[in-house]
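>>> sequence unknown, structure follows:
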């Protein structure tokens, strides 16, 4: 085997070692703290309700696909983050990893995306349409 082949092999082994280390560290953290910090101070907190619960005041609906949700605490974190936005109301569905977000203004979609992302979830897609 040539010296360049040995270097490539060493590099691959090193990358695999780093990936394994990160995976084991994250798994141990989840075992220690639970999903989303459940049971600790980092949990989702009390449920945040939207200020306006009249659905007729929300002319737009956003379909949001969210990656990284694993439990009811994740759902609560996403709903709370969005419901804190004036003019937005989230209803999250864990089995489909999605949310229906009612919006008073179409421009709020950027704030919704940021609120979800700032809580360590990934917005895979977000589409807004006028309600029928």
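Arrived safely. Model, not experiment: these values are computed from the prediction.
>>> please make it C-alpha for all contacts and neighbour counts, starting now.
Will do.
>>> distance of residue 27 from residue 20?
Applying Cα to Cα, to the nearest Å, the value for residue 27 to residue 20 is 10 Å.
>>> next one: residue 8
Applying Cα to Cα, one obtains 18 Å for the distance of residue 8 from residue 20.
>>> same check on residue 111?
Residue 111 sits at a distance of 35 Å from residue 20 (criterion: Cα to Cα).
>>> could you chop the protein up by domain?
Residue ranges for the domains of the chain, per automatic domain parsing: 3-33, 55-130.
>>> just name the most buried of these.
Across these, the average number of neighbours (mean count of other Cα atoms under 10 Å) peaks for domain 55-130, which reaches a mean of 18.
>>> for the helix or strand where residue 110 lies, packing partners?
Residue 110 is located in helix 109-117, with elements delineated by DSSP states H and E. The criterion is 3 or more Cα pairs under 8 Å, 6 or more residues apart in numbering; DSSP states H and E, and the helices and strands that helix 109-117 contacts are helix 72-83, strand 122-130.
>>> ranking those by mean pLDDT, which is last?
Note on the helices and strands packed on helix 109-117: lowest mean pLDDT is at helix 72-83, with a mean of 93.
>>> can you list the neighbours in contact with the next helix or strand after that helix?
For helix 72-83, the succeeding helix or strand toward the C-terminus, using DSSP H and E, is strand 88-93. Judged by Cα atoms under 8 Å, 6 or more residues apart in numbering, the contacts made with strand 88-93 from elsewhere in the structure are 49-50, 75, 78-79, 82-83, 98-104, 108, 112.
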